[in-house]
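*Asks:* One predicted model, sequence on top.
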Amino acid sequence: MQLQFAMDTLTIEHALDLAGKAAPHVDVLELGTPLIKSAGLSAITAIKEAHPDKIVFADLKTMDAGELEADMAFQAGADLVTVLGVAGDSTIAGAVKAATAHGKGVVVDLIGVSDKVARAKEVTALGAEFVEMHAGLDEQAEDGFTFETLLRDGEASGVDFSVAGGITARTVRAVQESGARVAVAGSAIYSAEDVASAAAEIRAAMSEHAAS
């Protein structure tokens, strides 16, 4: 399983600082949607140039103009982009077309999708590389939130999936046990006093589980 670091910051400078500290311990560097909206496509280029050996994940959350938006991000240096699962099939297919042309990939974010299992199968058939079982920051703040539902949906889908929703060093083992392809950690790393140590702690928990 890979570890993805979601950088929900608003400036390229801060993103570069965070990425520099976490990079030795993570596989994927994600530019969060707020960062891309704030800083633009140049943020993608900056991260990819600074870390060419890492997978750069542009969390566009595209809802329309799939081919155009994906193409823009791939040209800027992204390796993976997100399209929303609630978008139409033609939007997802358009993004996949752009990904094929660039030799890159599309991840379909299932945030807000009521039947994640069914939609996961549908979008994989459309060419998505994998799906993201995702609970957003607002949902995580709601009473009664638990990401176990995301794990169950991922397992039931039978397709490649990632999990995003408040993952920490304490919970990442459950994600690993679910068979997820990628675990996405955000605030557990970027809000820590020591970003590098926080990323290393999650990586260590993954490695310890894999060895057991």
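*Replies:* Done, it's in. Residues are numbered from 1 along each chain as shown.

*Asks:* Quick check: which ranges of this protein have low pLDDT?
*Replies:* In the predicted model of the chain, residues 211-212 satisfy pLDDT under 70.

*Asks:* So which residues of it form strands?
*Replies:* Taking DSSP state E as the criterion, the chain carries its strands at 2-7, 28-31, 55-62, 80-84, 105-109, 130-134, 161-164, 182-185.

*Asks:* I'd like the ones you listed as CSV, with distance to Leu41 appended.
*Replies:* From N, CA and C alone the C-beta is placed, and that goes for glycine too. Converted to CSV, these look like this (distance: least, Cβ to Cβ, whole Å):
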stretch, distance to Leu41
strand 2-7, 15
strand 28-31, 10
strand 55-62, 8
strand 80-84, 11
strand 105-109, 17
strand 130-134, 21
strand 161-164, 22
strand 182-185, 21
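
*Asks:* so can I have a markdown table of those strands showing distance to Ile202 and mean neighbour count?
*Replies:* As requested, those are exported to a markdown table (distance: least, Cβ to Cβ, whole Å; neighbours: other Cβ atoms under 10 Å):
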| stretch | distance to Ile202 | mean neighbour count |
| --- | --- | --- |
| strand 2-7 | 6 | 23 |
| strand 28-31 | 13 | 25 |
| strand 55-62 | 17 | 26 |
| strand 80-84 | 20 | 26 |
| strand 105-109 | 20 | 27 |
| strand 130-134 | 17 | 27 |
| strand 161-164 | 13 | 27 |
| strand 182-185 | 6 | 25 |
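
*Asks:* now the helix ranked longest in the chain, how far from the centre of its chain.
*Replies:* As assigned by DSSP state H, the longest helix anywhere in the chain is helix 195-211. With Cα atoms, centre = their mean, to the nearest Å as the basis, helix 195-211 stands 18 Å off its chain's centre.
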